[in-house]
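Asker: one predicted model, sequence on top.
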Amino acid sequence: MGRMMEKLRFKEEQIVSIVRETDRDSVCVVAKPHGVIEQAIYT
């Protein structure tokens, strides 16, 4: 527990929103405008 938390690029609500977008569009379509790689959405 001595480790500091990493600073996240996106807030939790933003991550949830991005993942929900994949219900409408493919992962590659969603990932590009948000500046993330497809693998980041799968993890």
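Answerer: Thanks, I have it.

Asker: okay, and for the protein, where does confidence drop off?
Answerer: 1-6 (pLDDT under 70).

Asker: what ranges does it have for its strands?
Answerer: Secondary structure of the chain (DSSP state E): no strands located.

Asker: what segments of it are helices?
Answerer: Remark: helices assigned in the chain by DSSP state H are 12-21, 27-34, 38-42.

Asker: from the ones you listed, which stretch is densest packed?
Answerer: Comparing the helices of the chain by mean neighbour count (mean count of other C-beta atoms under 10 Å), helix 27-34 comes out on top with a mean of 14. (Each C-beta comes from the backbone N, C-alpha and C, glycine too.)

Asker: list the contacts of it.
Answerer: Contact with helix 27-34 is made by 18, 21-22, 37-38, 40-42, as judged by C-beta atoms under 8 Å, 6 or more residues apart in numbering.

Asker: pull the most distant pair out of those residues.
Answerer: Greatest spacing in the contacts of helix 27-34, by C-beta to C-beta: E21 and I37 (15.2 Å).

Asker: out of the contacts of helix 27-34, who's nearest K7?
Answerer: So of these, ranked by how close each gets to K7 (C-beta to C-beta), first place is A40, at 15.7 Å.

Asker: find the residue at the geometric middle of this structure.
Answerer: By C-alpha atoms, centre = their mean, the chain has its centre lying nearest to I15, at 4.5 Å.

Asker: contacts only, for I41.
Answerer: Counted by C-beta under 8 Å, 6+ apart, I41 has contacts 18-19, 22, 27, 30-31.

Asker: what's the most distant pair in those residues?
Answerer: Using C-beta to C-beta, the contacts of I41 span at most 10.8 Å, a distance reached by V19 and A31.

Asker: ok so, going back, adding distance to F10, write the contacts of I41 out as CSV.
Answerer: Converted to CSV, the contacts of I41 look like this (distance: C-beta to C-beta, whole Å):
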residue, distance to F10
I18, 7
V19, 11
T22, 15
V27, 16
V30, 13
A31, 12
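
Asker: R9: which of those residues is nearest?
Answerer: Out of those, the member with the shortest distance to R9 (by C-beta to C-beta) is I18, at 11.1 Å.
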